[in-house]
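Peer 1: this one's structure only:
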């Protein structure tokens, strides 16, 4: 830890609190002004550090790029992050205000504290700490639509790929395996989102007067969804598993060595028992197997007390997590085809596709991958493990394809950070170690590039 980092530690935390207080919820139009205000704050902050900063206006939320030059001939490192956050609901479960940025017991609580403001801000502070003596060129790319599919970033990458090309792409939007196990993530699952709606009568009907003579949309939808998975946890949609790449032998061996207590995991989740696809371990199910998940169900009367109706319609939000080498379009088509074939003629079925993102896989045993592992080990003082991530980072495949650089996922989050859940937090010890890790990584990437050139 440099003197600069020690001297400015309190200011770094105060600035992160200020950033977390913006309710930059990209999915809710009522917060569009808050998203823009957050982008403006970030741009001004990056300019104050001497970075050449541009706010790119889009059809939705702004994208920020900020640049700092390195020594002549040094590689360029693009650092990605997102300043938009998930909605905080249910609000009544939060123990502190979701945008209060409260510090308690060495942890910063607030929506976006870990996903993703605290993680990318650690890199911002690392770049600041070099004080114009960067060992590499740096480009920050910060977007405001990651939580809603990154549509504007897709367009920006298409039009600005040449300006954003980098030797390395560094991302901290994933997690450590545990507080004792820093991790380099070399793969993520992709996602396919669908919304399914079943319409029956043209209005809600009295269930006594009309029950038994018309199909109930809620019951039909429940049956359709139940028909997509069997009791063994396997998705029954024909063609769903097409293209799934089997785990490599080294991966299974390495994952078996990771400390994992199923009972502790069960208690952490608050469930009476674990579930999932038969024949696979819990880690394999989370990291390397595709899933079919119902994210939301809406049908009928939801108010206080009873209301005896046959609802006019019912809907469900679905996501499928997919793995290498599945294709999002093929999975979406398979699910839609299965639902349409199973739907009875007594109702009308509408399927609307949402956002898609492909899975991501890279080789962790490269010059950049080894540099990342060394930097993580130095900063956290512990050996590094190689993991996959069950979640989705929509931009990874685009970065790999359009920017040309090696993608390095060096997550700083912890399993109990409550991403997308109430009481999200970020351990300030990880914020501090993350700054040190970023400093070490930028130095090592400069050296790795020079060695490769020779």
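Peer 2: Nice, thanks for sending it over. Treat the numbers as computed from the prediction; the structure is a model and nothing was measured.
Peer 1: List the buried residues for stretch 56-74?
Peer 2: 56, 58, 60-68, 70, 74 (16 or more other C-beta atoms under 10 Å). Any C-beta I mention is one placed from the backbone N, CA and C, and that applies to glycine too.
Peer 1: swap that for stretch 395-414, please
Peer 2: For stretch 395-414, by 16+ other C-beta under 10 Å, it's 395-400, 402-403, 405-414.
Peer 1: Can you list which of those residues are found in helices?
Peer 2: Assigned to helices by DSSP state H, the following of the buried residues of stretch 395-414 qualify: 396-398.
Peer 1: For residue 91, give its distance to residue 23.
Peer 2: Residue 91 is 12 Å from residue 23, where distance means C-beta to C-beta, to the nearest Å.
Peer 1: quick one, which of those two is more surrounded?
Peer 2: residue 23 (21 against 10; other C-beta atoms under 10 Å).
Peer 1: In this structure the more buried one contacts residue 100, no?
Peer 2: No. Assessed by C-beta atoms under 8 Å, residue 23 is found out of contact with residue 100, at 10.7 Å.
Peer 1: Outline the domain layout of the chain.
Peer 2: Split into domains by automatic domain parsing, the chain comes to 3-188+360-453, 190-244+290-357.
Peer 1: okay if I get the ones in helices among the buried residues of stretch 395-414 as a markdown table plus distance to residue 257 and pLDDT?
Peer 2: Formatted as a markdown table, these follow (distance: C-beta to C-beta, whole Å; pLDDT from 0 to 100):
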| residue | distance to residue 257 | pLDDT |
| --- | --- | --- |
| 396 | 26 | 89 |
| 397 | 29 | 84 |
| 398 | 33 | 85 |
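Peer 1: Just send these back as CSV, with distance to residue 426 too.
Peer 2: Formatted as CSV, those follow (distance: C-beta to C-beta, whole Å):
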residue, distance to residue 426
396, 22
397, 27
398, 26
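Peer 1: between those residues, which is nearest residue 10?
Peer 2: Taking C-beta to C-beta as the measure, residue 10 sits nearest to residue 396 out of those, at 34.4 Å.
Peer 1: Off-centre distance for stretch 287-302?
Peer 2: Relative to the centre of its chain, stretch 287-302 is centred 18 Å away, using C-alpha atoms, centre = their mean, to the nearest Å.
Peer 1: in it, what counts as buried?
Peer 2: Buried residues in stretch 287-302 (16+ other C-beta under 10 Å): 287-292, 294, 299-300.
Peer 1: That one spans what distance, first to last residue?
Peer 2: End-to-end distance for stretch 287-302: 35 Å, by C-alpha to C-alpha, to the nearest Å.
Peer 1: returning to that earlier point: among the buried residues of stretch 395-414, which are in strands?
Peer 2: In strands, defined here by DSSP state E, the members of the buried residues of stretch 395-414 are 406-409.
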